[in-house]
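S.K.: model this:
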Amino acid sequence: MQTRTLLLIIATTFLLAGCPPEPSPPKEEAPPVQETAAAEEATPPAQEVAATEEATPPAQEVAATEEATPPVQEVAATEEAAPLDFDLDDLEAVRELTDAERKEDADWITSHADRMELIEQLTTEDVKEREEVVEAKAKVDTAKAELDEAVEQILKKRAERKVKKLFEEKIAGKLKKDSKLTEQELKELLVKAAQGELTKEELKEVLTKKLGLSEEEVEEIAAEGRKQALLEKALEVITDEKLKKKLLEKFAKGELTEEELKKVLMEQGGLTEEEVEEIARQGEEKALLAKVLKETTTLTDEEIKEVLAEVQQIKQETEELRKQIAAATSAEEVQKLLEAAGGLTAEEIATIVKQKEEVLALEQNFLEETLAKIFSRLKRNRELGIDDAFCTNQKAALDNLLVRPSYFATDSSVIAEETRTRIDYDFGVLEAPLDEYLDEYLGVLLVQIEGNADIRGTNAYNKALTERRWTVPIRLLRSKYFSKRDLRGLSRGEECQLLGITGEVSKTWWKRNRRTDYIFKLR
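M.R.: Here you go, the predicted model:
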């Protein structure tokens, strides 16, 4: 007790004399890096970590370079002692700008206003120029339409000649005695079928009004024909043997529905809804025409099948020739196609070839002029520093007048055969203009392929979808027309929607936005 009292007196004396006891070591000072590493067993040695991350020096060396850094407590003391270069009471005050700063701001505002005014002025000029280009393209399209009509009429004559020959060989003299159709009427039906002009409604009228079938019977025949055609196509395109067997078993039991077959063709076969419906339509027409032959001729089921197969072959030849002539990029190519097809006179071939040559010459001139306008715009915009717009201004753009956009089904990146043919043609006819201006364009221009989606779905999903929508076209173009360095792909997602048209329904607007654009750019 006496000892404690003595110590208390000594401590009080020191405090009164202004000499406090020696302070204990600071507790908040961070330990050296090396000691920390030693204490934390779960952490790998700093030197080993550095070996895997080449840009980071070993922890020990870092510690060595930081020896001059004072302890944390001393740094804090130094900072506390430094005088403040601002008044805490003035934090909310707004500093008066200098004359130089005011001038800089005013110059920027004027520059921005001038830039926006320039862009608006150029956009107005570009829109007007596009209107002129659209008029020029309309002349090309009119010439193409006239060519298509001439081709159509000549190919129809070819189909008619082939069907009449078929009729004389396999049907003439085989009508039933009580047939309610004449040979001429039956021949006309087959000619229309080969020309692609025979409709379900016309066949229904023949079967009900002339041959005495009920509407229910006709609809049942048509429904079976649709399913039969869809099943045949499914067996052709799908590769899963188990699925094929399952479909055949269900069809035999009468359990297979049209909706199930359509789903298989779209999901397993990659066909579009429009393609599937066309297959079904052709199936019902074939079934109804077979019933007409069954009711009016003495042909066996096998003979009827053979006749319809030949009629279908003539129809397919006509459609294929029409597509090939339209897709041809030279008159010489058309000449070879027609001569190989046969069934045409020399005069008919010469008519088509001459008209195709005239159309291509008109189109080449349009393409050269439009490509020159695009190139001129690109150079102008680059010089003015205004070539960085995220979305292309579709009101003023010329690119889609040279190369048509590619369109897709909902949630799909599959390019239909028709779209593939269109891409092939558009870039095929561009080869000549590009070659003519090779020295000027080569190494300067590239084609930017931009995938787009409609506004439905999440942005992340649409981004991924539109990534696929430019990947497929770019592969097609690389295989035939461009090197890798001449192409660039971008996924726009749903960010670059086309403007709606007055009176346009949402479904149509969505369809126009499910597209891939082909935009010319400077490198």
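S.K.: give the contact list for the closest residue to residue 392 other than its chain neighbours.
M.R.: Of all residues not flanking residue 392 in the chain, residue 519 sits nearest, at 5.8 Å (C-beta to C-beta, 6 or more residues apart in numbering). C-beta: built from backbone N, CA, C; applies to glycine. By C-beta atoms under 8 Å, 6 or more residues apart in numbering, the contact list for residue 519 reads 392, 397, 399, 447, 448, 449, 450.
S.K.: can we see that at 10 Å?
M.R.: The neighbours of residue 519, taking C-beta atoms under 10 Å, 6 or more residues apart in numbering as the test, are 374, 392, 397, 399-400, 403, 446-450, 488, 490.
S.K.: and what of residue 313?
M.R.: Counted by C-beta under 10 Å, 6+ apart, residue 313 has contacts 162, 166, 194.
S.K.: Quick one: the strands in the stretch 351-500 of the chain, in order.
M.R.: Assigned by DSSP state E, counting those that start in this stretch, the strands in the stretch 351-500 of the chain fall at 406-407, 445-452, 487-493.
S.K.: Turn those strands into a markdown table, including mean pLDDT, distance to residue 293 and mean neighbour count.
M.R.: Formatted as a markdown table, the strands of the stretch 351-500 of the chain follow (pLDDT from 0 to 100; distance: least, C-beta to C-beta, whole Å; neighbours: other C-beta atoms under 10 Å):
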| stretch | mean pLDDT | distance to residue 293 | mean neighbour count |
| --- | --- | --- | --- |
| strand 406-407 | 94 | 39 | 21 |
| strand 445-452 | 91 | 49 | 22 |
| strand 487-493 | 92 | 53 | 19 |
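S.K.: Look through the protein and tell me its longest helix.
M.R.: Looking across the chain with DSSP state H, the single longest helix is helix 99-170.
S.K.: Which strands or helices does that one pack on?
M.R.: helix 183-195, helix 301-327, helix 331-341, helix 346-384, helix 399-402 (3 or more C-beta pairs under 10 Å, 6 or more residues apart in numbering; DSSP states H and E).
S.K.: Give the buried residues for the second one.
M.R.: In other words, helix 301-327. Applying a neighbour-count criterion of 16 or more other C-beta atoms under 10 Å, the buried positions in helix 301-327 are 304, 307-308, 310-312, 314-315, 317-318, 321, 325-326.
S.K.: surely residue 433 meets residue 367?
M.R.: Yes - Residue 433 lies in contact with residue 367 (C-beta atoms under 10 Å); the separation is 4.8 Å.
S.K.: so what's in contact with these two at the same time?
M.R.: residue 402.
S.K.: circling back: which one, of the helices and strands packed on helix 99-170, ends up nearest to residue 499?
M.R.: helix 399-402 (13.8 Å; C-beta to C-beta).
S.K.: tell me the mean pLDDT for that closest one?
M.R.: In this model, helix 399-402 has an average pLDDT of 93.
S.K.: same check, this time on stretch 136-153
M.R.: Rounded mean pLDDT across stretch 136-153 is 96.
S.K.: buried set for it?
M.R.: 137, 140, 143, 144, 147, 150, 151.
S.K.: what does stretch 416-432 give?
M.R.: Buried residues in stretch 416-432 (16+ other C-beta under 10 Å): 416, 419, 422, 423, 424, 425, 426, 427, 429, 430.
S.K.: pLDDT weak spots in the protein?
M.R.: Flagging of the chain using pLDDT under 70 yields the residue ranges 1-95, 388, 436-443.
S.K.: can you do 80?
M.R.: 1-97, 101-103, 105-116, 270, 387-390, 434-444 (pLDDT under 80).
S.K.: Got the domain ranges for it?
M.R.: Per automatic domain parsing, the structural domains of the chain span 138-327, 369-522.
S.K.: need those in CSV with distance to residue 119, can you?
M.R.: Output for the domains of the chain, formatted as CSV (distance: least, C-beta to C-beta, whole Å):
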stretch, distance to residue 119
domain 138-327, 28
domain 369-522, 6
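S.K.: Determine which of those domains approaches residue 129 most closely.
M.R.: Once the domains of the chain are compared by C-beta to C-beta, domain 369-522 is nearest, at 6.6 Å.
S.K.: tell me how far the ends of the closest one are from each other?
M.R.: Start-to-end span of domain 369-522 (C-alpha to C-alpha, to the nearest Å) is 18 Å.
S.K.: My guess is residue 491 contacts residue 461. True?
M.R.: No - contact between residue 491 and residue 461 fails when scored by C-beta under 10 Å: they sit 11.5 Å apart.
S.K.: can you list residues touching both of the two?
M.R.: Counting by C-beta under 10 Å, 6+ apart, the residues touching both residue 491 and residue 461 are residue 453.
S.K.: returning to that earlier point: ok, of the contacts of residue 313, which come out buried?
M.R.: The buried subset of the contacts of residue 313 (16+ other C-beta under 10 Å) comprises 162, 166, 194.
S.K.: What is the burial count for residue 346?
M.R.: Per other C-beta atoms under 10 Å, the neighbour tally for residue 346 reads 9.
S.K.: can you check the one 4 residues further on too?
M.R.: As a burial measure, residue 350 scores 13 neighbours (other C-beta under 10 Å).
S.K.: same thing with residue 117?
M.R.: Residue 117: 10 neighbours (other C-beta under 10 Å).
S.K.: Number the residues from 140 up from this point.
M.R.: New numbering, starting at 140: the last item is residue 256.
S.K.: What distance do you get for it to residue 303?
M.R.: 70 Å (C-beta to C-beta, to the nearest Å).
S.K.: what do you get for residue 539?
M.R.: Distance from residue 539 to residue 303, by C-beta to C-beta: 45 Å.
S.K.: Show me which of the buried ones among the contacts of residue 452 is closest to residue 325.
M.R.: Using C-beta to C-beta, the buried ones among the contacts of residue 452 come closest to residue 325 at residue 305, 11.9 Å.
S.K.: got a list of what the closest one touches?
M.R.: 311, 326, 329, 330, 333, 445, 446, 449, 450, 452, 453.
S.K.: mind redoing it with 6 Å?
M.R.: Residue 305 sits next to residue 449 when contact means C-beta atoms under 6 Å, 6 or more residues apart in numbering.
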